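**Q** quick check, what structure comes out for this input:
(2 chains)
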Amino acid sequence: MSAFCNTGVARYIRMSGRRSSRQSSSSGSPSISDEQIIELVSKLSRMLPEIRNSRQSSKVSASKVLQETCNYIRNLHREVDGLSDRLSQLLATIDAESPEAAIIRSLIE
Amino acid sequence: MPSSSSSFLNPHISSMNPPVRLMASCTTPCSLRTRFALRFLKTLVKIKRSSPPPPSSSSNSSPEKTRRRTQRIKRAAYSSMARAVGRRRAWSQALMLKLKFSVKRTNQHPSLSPTKMGGPQKAPRKAGGRILVIKRKNSLVKGSPWRGCSGVDELRRLVPGGESMGLGVLLEETAHFVRCLETQVSVMRSIADCFPC
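**A** Numbers count the residues shown, from 1 in each chain, chains lettered A, B, ... in the order given. Now for the predicted structure:
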């Protein structure tokens, strides 16, 4: 498990612990342990290309992981937009009888 | 599944040409990737059939039609992914609800574009709508114990249903949501690569 900048994570976890207990008193859901949060943030950081590829992957703060996650999600949405555009143009121009269209039809049926 | 697809179980998938790669990635019938790809392709075929190409091949459809088709495709992508995940995850349930709600809105007001994905959650457009949005923004700033760290609040806005999740659930849902978005992008790219540009 990668070691985080402990003071930063400890502060966030104390605050989040308060928030979880506040939420659990109102919503009835069980509060989560600090170790679980560290593990979850660590798992997220391994998924992010920015952090995975950088040399500092063992020293990333929780705040940076969350920020990078938000950036990554926004980038993925942008990619979906671009690909939707591309597919829209393709749909307008492809011929229904082309071999590629036949492959797609064979996949669906 | 066509039986010929079993011949595409090839470990050297990156060396295949795009249509073959797409078929190879769909050979595991139960994987999320396959379930999403099949749903999405079916919807694409439906969209293609319902918007026939213009009689003259030189001119494309009007920009308005293209924009509407793009929106339909984008919506189909998110909807297919949410349905492929099903009710197993809180984010997919929230996304399916959001899409269902935005369809009703669009049907009532055809001039409204479908709800943007990933942006801040906006209240429905009624008289009190704007006031609700402002109130929510203030409560996020004041009540958040992660003061000075806007990461969690931002993440809550980006993950469907994130506003009402506890922190641990939010982090788990985020990991799954990101993985599914990556699959969605990858399949859409494979489909687009199938066709010569």
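
**Q** tell me which residues touch the spatially closest residue to B:K48 that is not a sequence neighbour, please.
**A** Spatially, and ignoring its direct neighbours in sequence, B:K48 is nearest to A:L91 (4.9 Å; C-beta to C-beta, 6 or more residues apart in numbering or on different chains). C-beta coordinates here come from the backbone N, C-alpha and C atoms, glycine included. A:L91 makes contacts with B:44, B:47-48, B:51, B:69, B:73, as judged by C-beta atoms under 8 Å, 6 or more residues apart in numbering or on different chains.

**Q** lowest-confidence helix or strand of chain B?
**A** Every helix and strand of chain B was ranked by mean pLDDT, DSSP states H and E. The lowest is helix B:129-143, at a mean of 41.

**Q** low-confidence stretches in chain A?
**A** A:1-31, A:55-58 (pLDDT under 70).

**Q** returning to what we had before: now the buried members of the contacts of A:L91.
**A** B:44, B:47-48, B:51, B:69, B:73 (16 or more other C-beta atoms under 10 Å in any protein chain shown).

**Q** and stretch A:65-78, is it in reach of chain B?
**A** Yes - Stretch A:65-78 is in contact with chain B by C-beta under 8 Å from any C-beta of the partner chain, via A:65-67, A:69-70, A:72-74, A:76-77.

**Q** out of the residues you listed, which is most surrounded?
**A** A:T69 (27 neighbours; other C-beta atoms under 10 Å in any protein chain shown).

**Q** my guess is that residue contacts A:L48, does it?
**A** Yes - using C-beta atoms under 8 Å, A:T69 is in contact with A:L48, at 6.3 Å.

**Q** what about B:L95, distance to B:S79?
**A** Taking C-beta to C-beta, to the nearest Å as the criterion, B:L95 is separated from B:S79 by 8 Å.

**Q** neighbour count winner among the two?
**A** Per other C-beta under 10 Å, whichever of B:L95 and B:S79 has more neighbours is B:L95, with 23 against 18.

**Q** can you put the contacts of A:L91 in a markdown table and add secondary structure, pLDDT and distance to B:N17?
**A** Shown next, in a markdown table, are the contacts of A:L91 (DSSP: H, G, I helix; E, B strand; the rest coil; pLDDT from 0 to 100; distance: C-beta to C-beta, whole Å):
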| residue | secondary structure | pLDDT | distance to B:N17 |
| --- | --- | --- | --- |
| B:L44 | helix | 89 | 20 |
| B:I47 | helix | 88 | 25 |
| B:K48 | helix | 84 | 22 |
| B:S51 | coil | 75 | 28 |
| B:R69 | helix | 91 | 27 |
| B:I73 | helix | 94 | 23 |
